[in-house]
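Novice: next input, structure requested:
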Amino acid sequence: MPDFFGIIRHMKNLIYQNKILSIVVVILVAVGLYFIATGQDDVVKVANKAQNTPTTTSTQTTANKAATPSKTAVLNDGRCGLKVTYPVENSRVNFPLKVTGVIDNRSASKLGCAWNEINARAGTAQLFYFSGGVWQSNGIPVNILTSAGGTASTSAFSVNIDFLNAAVGLRSGAPMKITFIEQNSSVLRSLDMFDYYIYMK
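Specialist: Next up is the predicted model:
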């Protein structure tokens with residue numbers, strides 16, 4: 001005669017084991033869903049961070065660094081013999097602006113470079129303004145006119161730069177820069193150049 005009580009006990013054990021297995025499965029599924037949801041949140045956060053981070057091409061990286069120039073970056077000794085005397089770097093300016101300075105190549109051997117000057121011209125200066133996350137040019141480069149024509153060890157220079165803000169709408173304090181590039185010559189070397197930072201008044 002079959003052991004009905006044994007069969008019942010066996011069935012109870014199976015039901016109990018199935019309940020435990022079901023609970024374990026539910027817990028595993030819940031944990032899995034939690035990690036998936038958390039992982040998706042992290043992916044969304046990373047994606048949002050990537051969208052909010054500007055593309056870093058070499059030009060834009062340079063532009064962004066230049067957008068907040070250091071107050072200690074004033075070129076007291078000029079650059080390769082070219083020194084701006086007005087306006088003061090990092091100062092606020094009005095337009096039209098007359099940029100003045102001196103070209104002094106007496107320290108060329110110490111500096112390891114000299115600012116080239118030919119026929120009363122010492123290269124060009126071009127104004128840029130920072131807007132929309134990039135540097136944008138204002139017109140074309142302007143000639144740097146000198147007083148000595150390259151015959152003296154030092155010579156004064158001046159550059160007249162204008163900027164019509166009505167067409168652009170920059171706010172007071174907007175970053176600007178003047179890019180100086182030396183006069184081209186037959187010398188086979190790269191041209192000296194540097195940026196001089198100012199702000200809209």
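
Novice: tell me which residues are up against stretch 155-174.
Specialist: 82, 92, 95-103, 117, 122, 125, 127, 129-131, 138, 142-149, 176, 178, 199-201 (C-beta atoms under 8 Å, 6 or more residues apart in numbering). Where C-beta positions appear, they are placed from N, C-alpha and C, glycine not excepted.

Novice: show me how to select, in ChimeraX, the buried members of those residues.
Specialist: Typed into ChimeraX, the line below selects the buried ones among these, using 16 or more other C-beta atoms under 10 Å:
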select :82,95,97,99,101,102,103,117,122,125,127,129,130,138,142,144,146,176,178,199,200
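
Novice: how about A108, phi and psi?
Specialist: phi -60, psi -40 (degrees, to the nearest 10).

Novice: counting neighbours, what do you get for the residue lying closest to it once chain neighbours are set aside?
Specialist: Distances taken as C-beta to C-beta, 6 or more residues apart in numbering put A114 closest to A108, at 3.8 Å, once the chain neighbours are dropped. Around A114 there are 19 other residues, counting by other C-beta atoms under 10 Å.

Novice: quick one, phi psi at A114?
Specialist: According to degrees, to the nearest 10, A114 has phi -140, psi 150.

Novice: that one against L82, yeah?
Specialist: No - A114 is not in contact with L82 according to C-beta atoms under 8 Å; the separation is 9.4 Å.

Novice: can I see the domain layout of this protein?
Specialist: 1-53, 71-200 (automatic domain parsing).

Novice: helix or strand next in line after the helix or strand of the chain with the lowest mean pLDDT, which one?
Specialist: For the chain, counting by mean pLDDT, DSSP states H and E, helix 58-67 ranks last in confidence among helices and strands (a mean of 39). Helices and strands here follow DSSP states H and E; after helix 58-67, the next one along the chain is strand 82-86.
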